[in-house]
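Participant: Predicted coordinates and the sequence they were generated for:
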Amino acid sequence: MLQQKIPATVITGFLGAGKTTMIRNLLQNAGGKRIALIINEFGDLGVDGDVLKGCGAEACTEDDIIELTNGCICCTVADDFIPTMSKLLERENRPDHIVIETSGLALPQPLVAAFNWPEIKTQVTVDGVITVVDSAAVAAGRFADDHDKVDALRAEDDNLDHESPLEELFEDQLTAADLIVLNKTDLLDAAGIQTVRDEVASRTARKPSMIEAKNGEVAAAVLLGLGVGTEDDIANRKSHHELEHENGEEHDHDEFDSFVVELPALSDPSAFIERLKGVIAEHDVLRVKGFADVPGKPLRLLIQAVGSRIDNYFERAWAPGEARGTRLVVIGLHDMDEQAVRAAIAAAV
């Protein structure tokens with residue numbers, strides 16, 4: 001008998017939307033499913049992989065977690081993703097479900113299209129694409145200073161291009177979605193949530209389902225088993241990149257840069273985090289995430305920043321033989337002054 005296709009769920013979303021937290025919750029409540037996880041980290045340090053490996057979920061062992069750190073997955077499908085999937089499918093103990101967490105900067109569409117490659121299509125199907133949205137960021141107008149003004153200017157002059165790369169990326173992730181998770185709704189009131197719903201709906205011509213969540217808490221039964229077969233509908237979900245490429249324009253991700261900052265132990269984490277907020281605001285840093293060593297503490301301090309909002313908590317014990325240290329990935333726009341940001345973060349310790 002032919003083996004049933006393995007379902008794969010693609011989880012995408014803007015920087016800091018809460019993808020990793022949602023996946024951690026999923027793994028811890030997988031109901032016995034053996035889940036293989038593929039992570040496409042943006043940056044030189046596999047922070048998300050370390051976070052997920054520390055979750056202790058029986059359904060997803062460290063051997064089931066694969067990190068792709070060679071760049072944006074939409075640009076390395078042939079070199080990284082296809083060989084990774086092939087090796088995964090060659091295992092004797094194949095997974096019940098595959099979950100793929102894309103980088104916050106990745107285009108979902110080329111990844112979904114890769115499931116139509118002959119060696120993949122016969123064995124795996126895209127159960128669904130889930131886009132996680134940072135509701136608080138959207139409510140604060142993170143993707144445009146004044147949407148009404150932009151629309152008015154566009155109506156007056158069709159030759160003007162008022163969309164930033166961040167806006168396009170946000171829209172691409174919504175356009176690819178089968179399910180949109182409006183995360184962090186606990187930070188908003190009812191009117192704010194409705195504003196986010198209206199804003200998100202206006203960003204895509206498609207009408208995927210939307211659900212609300214806080215702290216990435218969504219039941220596995222909701223996330224898994226959508227049964228969409230998204231790879232068969234990819235032609236109806238074209239990204240800005242694909243539309244531009246049809247016109248002969250080149251695609252690159254030079255809008256974004258990332259680098260790793262290594263620091264000494266943090267003797268006063270609270271003071272460092274407060275000063276880090278100032279650095280982020282001054283240099284318009286998009287994202288900071290990583291781990292810190294706090295003297296006298298047996299656990300690593302997890303630090304995740306989106307804009308001026310910084311979450312931190314002691315995440316797991318340092319492993320035997322693991323070198324303690326403080327390592328942060330910084331992500332910003334291409335014109336970010338890396339040396340200035342490095343110096344400012346170092347001075348914040």
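Facilitator: All right, it came through fine.
Participant: Output the lowest mean pLDDT helix or strand found in this structure.
Facilitator: helix 147-156 (a mean of 43; mean pLDDT, DSSP states H and E).
Participant: hey, C-alpha coordinates of the next helix or strand after that one in CSV?
Facilitator: Using DSSP states H and E, the helix or strand that follows helix 147-156 in sequence is helix 165-175. C-alpha atoms of helix 165-175 as CSV (Å, rounded to 0.1, in the frame of the first residue of the first chain):
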residue,chain,number,x,y,z
PRO,A,165,9.7,46.4,2.2
LEU,A,166,8.3,45.7,5.7
GLU,A,167,4.8,46.4,4.5
GLU,A,168,5.2,44.2,1.5
LEU,A,169,6.6,41.4,3.6
PHE,A,170,3.7,41.6,6.0
GLU,A,171,1.2,41.5,3.1
ASP,A,172,3.0,38.5,1.5
GLN,A,173,2.8,36.5,4.7
LEU,A,174,-1.0,37.3,5.0
THR,A,175,-1.6,36.5,1.4
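Participant: and the residue nearest in space to the middle of the chain, helix, strand or coil?
Facilitator: With distances taken as C-alpha atoms, centre = their mean, G104 lies nearest the centre of the chain, 3.6 Å away. Counting by DSSP: H, G, I helix; E, B strand; the rest coil, the backbone at G104 sits in coil.
Participant: Spatially nearest residue to it, not counting backbone neighbours?
Facilitator: Leaving aside its sequence neighbours, G104 sits nearest to L15 (C-beta to C-beta, 6 or more residues apart in numbering; 3.7 Å). Quick note: C-beta positions are derived from backbone N, CA and C, even for glycine.
Participant: and that neighbour, how many residues sit next to it?
Facilitator: 22 (other C-beta atoms under 10 Å).
Participant: Same question for E167.
Facilitator: Neighbour tally, E167, other C-beta under 10 Å: 17.
Participant: Tell me the spacing between it and D96.
Facilitator: Distance of E167 to D96, given as C-beta to C-beta, to the nearest Å: 37 Å.
Participant: One more: I273?
Facilitator: Distance from I273 to D96, by C-beta to C-beta: 39 Å.
Participant: for this structure, what spans make up the helices?
Facilitator: Applying DSSP state H to the chain gives helices spanning 19-28, 47-53, 82-90, 108-113, 118-121, 135-139, 147-156, 165-175, 190-202, 220-223, 240-246, 269-283, 338-347.
Participant: mean pLDDT lowest for which of these?
Facilitator: When those are compared on average pLDDT, helix 147-156 comes out lowest at a mean of 43.
Participant: returning to that earlier point: quick one: which of the helices of the chain is nearest F314?
Facilitator: Nearest of those to F314, taken as C-beta to C-beta: helix 269-283 at 9.6 Å.
Participant: What are the contacting residues of the closest one?
Facilitator: Defining contact as C-beta atoms under 8 Å, 6 or more residues apart in numbering, one finds that helix 269-283 is touched by 266, 285, 288, 292, 294, 301, 303, 305, 307-308, 310, 312, 332, 336-337, 340-341, 344-345, 347-349.
Participant: Give me the nearest residue to G128, chain neighbours excluded.
Facilitator: That would be L226: by C-beta to C-beta, 6+ apart, it lies 3.3 Å from G128.
Participant: could you dump the helices of the chain to a markdown table with distance to D127?
Facilitator: Converted to a markdown table, those look like this (distance: least, C-beta to C-beta, whole Å):
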| stretch | distance to D127 |
| --- | --- |
| helix 19-28 | 13 |
| helix 47-53 | 19 |
| helix 82-90 | 15 |
| helix 108-113 | 11 |
| helix 118-121 | 14 |
| helix 135-139 | 24 |
| helix 147-156 | 33 |
| helix 165-175 | 17 |
| helix 190-202 | 22 |
| helix 220-223 | 9 |
| helix 240-246 | 22 |
| helix 269-283 | 36 |
| helix 338-347 | 39 |
